[in-house]
Structure formats: structure tokens, C-alpha cells
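**Student:** need the 3D shape of this:
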Amino acid sequence: MPTVTDRKTALFVLVLTPLLAWLAFPPARFSEAVFVLAVPSLWWAGRAPAWRFFSGAMITAWSLVWLVLLAWLYHVTIVGLALIAVFLGTLSSLWFLAARWTLPRVEAAPAMTKVVATLGLGALWVLGEWFRGWLFTGFPWLPLAAAEWQRPVMLALCPLTGAHGVSLLIILCNLGIAAYLARATGARPDRRLGWFTPAFTVAMVAFLAGTFGLAGDLLGQKRVPFVRVGIVQPYIPQSLKWDPAEATRTLEVLDRETRKVAALQPDLLLWPEAASPYILKAQPELQPWLEKLATNLGAPLLAGLVVLEHANTPQEIWGNAAVVIDPEHGVQPEFYLKRHLVPFGEYVPLGRLLSWLKKVVPIGDDFQPGHSAAPLTVSTGRRPVAAGVLICYEDVFAEPARTSTAAGAELLVTLTNDAWYGEGAAAYQHAAHSALRAAENRRPLVRCGNGGWSGWFDEFGMQRAVLTNDRGSVYFRGGEVLPLTRDVRWVGRRTLYTERGDWFVGVCAAVVLLSGWVVARRKVVSAEVPPHP
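**Tutor:** Here you go, the predicted structure:
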């Protein structure tokens, strides 16, 4: 039976942990909370509570965390929100069970063993985030690194290790602070070492080396004008987006808002994901309308459109695409097809087996994924620009942006539609991932959303501009021209992460194996004495 103390501690964790998560991640602006997000659970894990009670409390606490962070999903599915929260909460709790197994075993261990255990737990967190981004086609939403999306110094490791390195620094800080608290509140605190616990020391050294130690690249920028991008944010409600009765009105909105932005003389115009209510190549009236618009405006248009190719043939392809409409040459034959599709949104997994389930997107059959990472070449008035396109959900994953950059993209472009999820946290959380993608590949990234968040990040993940109305809201109909710049030192250069991908995950796997072997050789000192790693 759990003790009264364990019950009180569980209640403390259940209340504090979701609150810290809400403060740490966007749209909240207290990202520092992420450095103590796991501390309550870790502190309790180190005190060796009963396994069964601790497991149930961790699953509940971290399910609440995900329920808070993903609350915007209720606009689409309440049942789905609950199931996803419990599933992700269960995955998250597995790491705390590993901490519960590890910390009591190294409570009285030599300093070096504690260092190895700390690094092993940190590396295990990284493996957990990576696994979450792969399992069942992946849901890598909000890694710890995403909390630091407005702190460019914190993203300094991204071009070397990807966002995984930033998450490692953050969880090491959590482990170090938890170790310090355990020493301060333990039954046998070692006053000779004071606050210099091995875990805390490792955390501070890693944090300083991985942030300020790499800040020279951030401080030595040599920026030059790049391209003037006009963002059109039509803010078409989802309830009207695919309503045939509203199609003409939707085109009128696109025409009007695009002309307003074009009057500011951009080099390139952007439309969000699936902006048109008509299907390119399926409804022949769309292409001449697009070409006439681009010709009249005198600027190329990179538009998110739904494309149907080879209709009524065995080669028929429905695609969520990005298409270039050149003012002189019209719709370009080469277009980008979204590579990473959203399960149940853009296709139903397992095809016939789950055919009774419906997609969220009310368009024809399943979309087919694209396979090419090649950038689209846009002939602007200044010069041709190689744009690596990411459509909506794709910028949550590191791989599409990395492969597009490796294929020659000099600018990353995200075309998205977050209007499905209301005017809450979703658009801000989604934008946070774009900051990571820009920093990982050292490429400017511009986002164009149906209703927001639209703006751009420079090569270092620094937010340079965001579109807002006179009330400061990102949710509005309108547009703006953003003069993008770039750092000449990174023109044509690739980062280690762009070249090598998730090499750091392999290193973390080796560290976990080593740490597990070291810790497994030790025994728990005593469940009666509160440990202090």
C-alpha cells in the first residue's frame, strides 16, 4: 500500500507537472520552465516509491501533460485527443520508470558511476523522442527543444546534432536540479560537496558548452538582402474551405488579398496549403485563372494546391502539392508532392483493413505521398531561388527539411493550414518546429499559413518577423511582404546535421547500453533511506 507521503507526493506531481508543461511550451512565453519540467517526477523517482503506485502516477501525470499541450485537438476529435494523450503519457512514463530503476542504484555510487548514469538517462530521453517520431509513422510533436524556439542561443547545437542535442541539454538540467534537491532534502546529505553533485556538474558543463560555448557563429553574422517574399493569408474557415457553394467567393478572397500584397512589389508570392477550392488538372478552369493572375501581378506564385494527375487511370494520383506559377511561362510542370502524410487526415492507414474509417480531409480518395526532395526553382526578379517546400505537418519532422537542404534548397518554405484547430496554441506550437528546422540546416525558413502563424526565421532559428493584425493577433485575413536576408557565411554550405542526419541518435544508443550495463551491476542501497544522487 502506498504511504501517506507517497499519496501527497503523487498529488503534488499531478498538479505541478502539467502546469510546468503549460508554462514551458508555446504559446506561453516562460520557456525556462522546461528546465524543471521533469524535476518533480525525478525527485520522487529517486526516493524509490512503490513500483505499481509510481507507474500509475507517472502515466496519469504525463497523460495530463499531453492533454494540456494538445487541447486544441478537441476541434477535430475529443475521443482522439484523449487516446493520444494517454498513449503519449504512457510512452513518457517509461522514461521515469527507467529513472526509478536507475537512481536508487547509484545513490551511494562513486562520482563517475553517477556521471555515467546521468548521461545514460539523458541519452535515453533522446532515444524516446526519436522513437516517438518514428512509431506508427511518427508524432514528434513538441520535443523538449521546441520550448526554446525563441531562444537562438539554446539552438546552437542544432546544426551539429539536430534538435536532439538541445533536448539532451534540457533533460540533463532536469536531472542535475533533481539531484541537487535530493542532496538538499535527503536523510544523509554530504555537506563536503555542497551543491556540486556529479549530475548537477555534468548538466552545467553540458549546458554552457552546448549554448554559449557555440555562440560565436550566432554573433558573427554577415547578413545581406536575399528575397522579398509576399505572404498571402486568406483565412478561409475550414467549414467553408471545400464547400462548392463557397468556391467562387474563396477565389475572390484569394484574388483580392493577393493583389494587395503584390502591390508592395515582392519577388515571390506565397499561398498556404491547399489554398484553392478547385483541384488542379481535375477542374480545367483553375489553371488559366492562376496563370492570368500571376501574369497580371508580374510576380511568381508558389501556391499550395491539391493536384489530380492521370485521372481515371491506374496511375491516378491525388496529391497535396506545391506548384509554381510563373508570370511568363504559367504553371510549371515540376511540382512538389507532400512526402509525409497525416494518418486519418490525408490517408487511412492499412487501406482496406481500416477502410470503414473516414479521413478528416473531405477530398476524394487517399492522397499519395511524394518521393522527391528536390527543391522548386522560382525565377524571381532578382535571381532564381531554390525553394525546399514543406507542407504543413512535414516541418514537424526533421528529415524532410534536411533532405531538401541536402538536395540544394537555399530557402525552406512551409505552406500550412492550422485553421483546423481554432485560434489556440496549435499554430504557435507548429511554428516552434520551424525554428528548429531552420537552425538544423542553417537555412532561412518562411511560413505561410491560412490563418497564422506566418512569418520567417533566419538560419539560426531566430524569429525575424511574424504577421499580426492591429490587435497583435496572428489570426486574421491579410498579408505582408517580408524582406528576407541571409548570412553569407552559410550560402552554399551544409551543416553536419544536414550531411549526416541522426548520427547523434546512434551515439545516444551506445551511451544507453553502456550506462545500463554499469548501473545493472549495482544494487539498491535501501528503499528505506531517501537517496540523493
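**Student:** now the strands: where do they sit in the stretch 351-500 of the chain?
**Tutor:** For the stretch 351-500 of the chain, applying DSSP state E, counting those that start in this stretch gives strands covering 376-379, 384-391, 411-416, 445-449, 455-457, 463-466, 478-487.
**Student:** of all those strands, which one comes closest to Asp6?
**Tutor:** Shortest distance between Asp6 and the strands of the stretch 351-500 of the chain, using Cβ to Cβ, is found for strand 463-466: 43.2 Å. Glycine gets a C-beta too; all of them are placed from N, C-alpha and C.
**Student:** so who does the closest residue in space to Leu436 that isn't next to it in sequence touch?
**Tutor:** Nearest-residue entry for Leu436: Ala163, 4.5 Å, with adjacent residues in sequence omitted and distances by Cβ to Cβ, 6 or more residues apart in numbering. Residues in contact with Ala163 (Cβ atoms under 8 Å, 6 or more residues apart in numbering) are 143, 145-146, 155, 398, 436, 440.
**Student:** just the buried positions in stretch 477-487, please.
**Tutor:** Of all the residues in stretch 477-487, those buried under the rule 16 or more other Cβ atoms under 10 Å are 478-482, 484-487.
**Student:** circling back: take the contacts of Ala163 and lay them out in a markdown table including neighbour count, pLDDT and distance to Leu264.
**Tutor:** As requested, the contacts of Ala163 are exported to a markdown table (neighbours: other Cβ atoms under 10 Å; pLDDT from 0 to 100; distance: Cβ to Cβ, whole Å):
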| residue | neighbour count | pLDDT | distance to Leu264 |
| --- | --- | --- | --- |
| Pro143 | 25 | 98 | 36 |
| Ala145 | 30 | 98 | 35 |
| Ala146 | 25 | 98 | 32 |
| Leu155 | 27 | 97 | 31 |
| Ala398 | 24 | 97 | 33 |
| Leu436 | 26 | 98 | 30 |
| Glu440 | 30 | 98 | 31 |
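**Student:** could I get these as CSV with distance to Leu124?
**Tutor:** Rendered in CSV, the data for these read as follows (distance: Cβ to Cβ, whole Å):
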residue, distance to Leu124
Pro143, 14
Ala145, 16
Ala146, 19
Leu155, 22
Ala398, 19
Leu436, 21
Glu440, 22
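**Student:** which one among those residues gets closest to Ala71?
**Tutor:** Within the contacts of Ala163, distances to Ala71 taken as Cβ to Cβ reach their minimum at Ala146, with 16.3 Å.
**Student:** I'd say the closest one and Ser434 touch.
**Tutor:** No: counting by Cβ atoms under 8 Å, no contact exists between Ala146 and Ser434, whose distance comes to 10.0 Å.
**Student:** per-domain residue ranges of the protein.
**Tutor:** What automatic domain parsing lists as the domains of the chain is 4-219, 223-492.
**Student:** CSV for those domains, including distance to Val512?
**Tutor:** Listed next are the domains of the chain as CSV, based on distance: least, Cβ to Cβ, whole Å:
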stretch, distance to Val512
domain 4-219, 5
domain 223-492, 20
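**Student:** Ser515 is nearest to which of those domains?
**Tutor:** Ranking the domains of the chain by proximity to Ser515 (Cβ to Cβ) places domain 4-219 first, at 2.2 Å.
**Student:** got the end-to-end distance for that closest one?
**Tutor:** 53 Å (Cα to Cα, to the nearest Å).
**Student:** where do the helices of the stretch 101-250 of the chain begin and end?
**Tutor:** If you assign secondary structure with DSSP state H, counting those that start in this stretch, the helices in the stretch 101-250 of the chain sit at 111-132, 158-161, 163-185, 198-210, 216-219, 238-241, 247-262.
**Student:** and the stretch 351-500 of the chain, by the same measure?
**Tutor:** Read by DSSP H, counting those that start in this stretch, the stretch 351-500 of the chain holds these helices, from start to end of the chain: 398-406, 426-441, 496-500.
**Student:** closest one to Glu257 among the strands of the stretch 351-500 of the chain?
**Tutor:** Nearest to Glu257, of all the strands of the stretch 351-500 of the chain, is strand 478-487, at 5.6 Å by Cβ to Cβ.
**Student:** which stretches of the stretch 1-150 of the chain have low pLDDT?
**Tutor:** In the prediction, the stretch 1-150 of the chain carries no residues with pLDDT under 70.
**Student:** just send the strands of the stretch 351-500 of the chain back as JSON lines, with distance to Val505 and mean pLDDT too.
**Tutor:** As requested, these are exported to JSON lines (distance: least, Cβ to Cβ, whole Å; pLDDT from 0 to 100):
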{"stretch": "strand 376-379", "distance to Val505": "30", "mean pLDDT": "96"}
{"stretch": "strand 384-391", "distance to Val505": "21", "mean pLDDT": "97"}
{"stretch": "strand 411-416", "distance to Val505": "22", "mean pLDDT": "98"}
{"stretch": "strand 445-449", "distance to Val505": "23", "mean pLDDT": "97"}
{"stretch": "strand 455-457", "distance to Val505": "24", "mean pLDDT": "98"}
{"stretch": "strand 463-466", "distance to Val505": "27", "mean pLDDT": "97"}
{"stretch": "strand 478-487", "distance to Val505": "28", "mean pLDDT": "97"}
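**Student:** I'd like these as CSV, with distance to Leu23 appended.
**Tutor:** Rendered in CSV, the data for the strands of the stretch 351-500 of the chain read as follows (distance: least, Cβ to Cβ, whole Å):
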stretch, distance to Leu23
strand 376-379, 39
strand 384-391, 28
strand 411-416, 25
strand 445-449, 24
strand 455-457, 23
strand 463-466, 19
strand 478-487, 30
